[in-house]
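Participant: give me the fold of what follows.
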Amino acid sequence: MNFFEEIITNKCIYIPFLLWFFIQLFKFLTDLIVNKRINIKRIMGAGGMPSSHSAVVSSLAILIGKDYGFNSGVFALSLIMAFVVMYDAAGIRRAAGKQATILNRILETPGLTTGEVQEKLIEALGHTPIQVFVGAIIGVIVGAIV
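Facilitator: Down below sits the predicted model:
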């Protein structure tokens, strides 16, 4: 088997990728139904329910654990990295999104800024803890089923 075939047949690569795609598609379709308009940014954008980041890393950790053993070093690495990603999504990136919201409001307030505002800061960066938790549960279930 050549390198390309090994990559596309590696379930530790294609399962998390497909899971990410379907969660982002779900968020896009949900946004379309709720807001009745197409928002392409929902396909690639961060934030929202459920957390695709959490689903991807938790499914990957479970898949690696099943393949290499739950007592292996590679599983430990994937699990710790999953926790780092989930902490980042619910903590640091969420805080950055809240700060972006405040800064955007300040920049839109007449008389408080000088010059022209070039672009708004992205506000939907992180996740609430429940969005991270639901994404992680989905990832664990998908990883366990596959």
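
Participant: which helices and strands does the host helix or strand of Ala136 pack with?
Facilitator: Secondary structure from DSSP states H and E places Ala136 in helix 129-145. Contact analysis of helix 129-145 by 3 or more C-beta pairs under 8 Å, 6 or more residues apart in numbering; DSSP states H and E lists helix 11-35, helix 52-68, helix 73-90 as its packing neighbours. All C-beta atoms are positioned from the backbone trio N, CA, C, and that covers glycine.

Participant: quick one: it to helix 73-90, angle?
Facilitator: Orientation check (axes from the mean of the first three to the mean of the last three C-alpha atoms, to 10 degrees): helix 129-145 against helix 73-90 gives 150 degrees.

Participant: hmm, back to that, what's the closest of the helices and strands packed on helix 129-145 to Phe133?
Facilitator: Closest to Phe133 of the helices and strands packed on helix 129-145 is helix 52-68 (C-beta to C-beta; 7.7 Å).

Participant: quick check: Leu60 vs Gly48, distance?
Facilitator: Separation of Leu60 from Gly48 (C-beta to C-beta, to the nearest Å): 20 Å.

Participant: which residues touch the spatially most central residue of the chain?
Facilitator: Of all residues in the chain, the one closest to the mean position by C-alpha atoms, centre = their mean is His53, 2.7 Å from it. Contacts of His53 were listed using C-beta atoms under 8 Å, 6 or more residues apart in numbering, and they are 46, 85-86, 89, 127, 135.

Participant: tell me the pLDDT at it?
Facilitator: pLDDT, His53: 91.

Participant: and Leu60 and Gly48? which has more neighbours close in?
Facilitator: Shown here are Leu60 and Gly48; by other C-beta atoms under 10 Å, Leu60 has more neighbours (24 against 20).

Participant: how about that one: what's its closest non-neighbour residue?
Facilitator: Spatial nearest neighbour of Leu60, excluding adjacent residues (C-beta to C-beta, 6 or more residues apart in numbering): Pro16 at 4.8 Å.

Participant: that neighbour: neighbouring residues, count only.
Facilitator: 23.

Participant: isn't it right up against Ile64?
Facilitator: No: look at Pro16 against Ile64 with C-beta atoms under 8 Å: they stay out of range, at 10.2 Å.

Participant: re the thing from before, any chance of the helices and strands packed on helix 129-145 in CSV, plus distance to Ile145?
Facilitator: Formatted as CSV, the helices and strands packed on helix 129-145 follow (distance: least, C-beta to C-beta, whole Å):
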stretch, distance to Ile145
helix 11-35, 10
helix 52-68, 9
helix 73-90, 18
